[in-house]
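In: sequence first, predicted coordinates after that:
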Amino acid sequence: MRQWEYLKIAHNQLSPRAADVDVLNDHGDEGWELIAILPNNIAYLKRALASRAAEDEAADEPGTEKPRMNGTVAAPEAPRILPAEPQRAEVRAVVKAKFRDPKTGETWSGRGRMATWLKRKQDAGEDIGVYLV
C-alpha cells in the first residue's frame, strides 16, 4: 500500500507578494498533488513518500509482508504545516501637529475629523488660525 505525505498551506499567511497559484505550482514541481482548497483559503496537498516507494516495490514480491500494527496498516503521519511568515508591522509616518491649544496642550494634525476642542472654538466664532503651530 502506498504511503502519503500531507501538506497544509494557509494562503492567508503567505506573503502578499506571493501569488497563490505560484506557490501551488512550485509545490507541484516538487511532486505535491493538490487535494482540495477550502473556502477559508487553506490548501491540502499530498505526495507519495519516496522512501516508502522502494518498500512498496519489495512488498509486492511474493513472500514479503507489509508492516502492520495489530493487524491493520500503519496510519499515515500527521500533515506537515508550513511555518507562518512573521507579520510585518506597518510603518506609519508620524504626523506633526498643525493646531495646538496653548492652555491645554491639545493638538490636531489637520487630518480626519476636526478635533472636538477646535470645533468648539470655531463654533464659538473664534479664529482657529491663531492655534496654528
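Out: Structure received. Numbering: from 1, shown residues only.

In: rest of the way, CA atoms for contacts and neighbours
Out: Fine.

In: what residue ranges in this structure score low on pLDDT?
Out: 51-89 (pLDDT under 70).

In: hmm, 50 instead?
Out: 53, 66-74 (pLDDT under 50).

In: show me the strands in it, by range?
Out: Using DSSP state E, the strands found in the chain span residues 4-10, 33-37, 42-48, 68-69, 72-73, 80-81, 99-100, 107-108.

In: as a markdown table, those with mean neighbour count would be great.
Out: Formatted as a markdown table, these follow (neighbours: other Cα atoms under 10 Å):
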| stretch | mean neighbour count |
| --- | --- |
| strand 4-10 | 19 |
| strand 33-37 | 15 |
| strand 42-48 | 18 |
| strand 68-69 | 10 |
| strand 72-73 | 10 |
| strand 80-81 | 13 |
| strand 99-100 | 20 |
| strand 107-108 | 20 |
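
In: now distance to residue 93 too, for those strands, in TSV please.
Out: Formatted as TSV, these follow (distance: least, Cα to Cα, whole Å):
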stretch	distance to residue 93
strand 4-10	31
strand 33-37	38
strand 42-48	34
strand 68-69	61
strand 72-73	60
strand 80-81	36
strand 99-100	18
strand 107-108	15
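
In: out of those, which comes closest to residue 129?
Out: Residue 129 lies closest to strand 99-100 among the strands of the chain, at 8.3 Å (Cα to Cα).

In: run through who's touching that closest one.
Out: With Cα atoms under 8 Å, 6 or more residues apart in numbering as the test, strand 99-100 has contacts from 106-110, 131-133.
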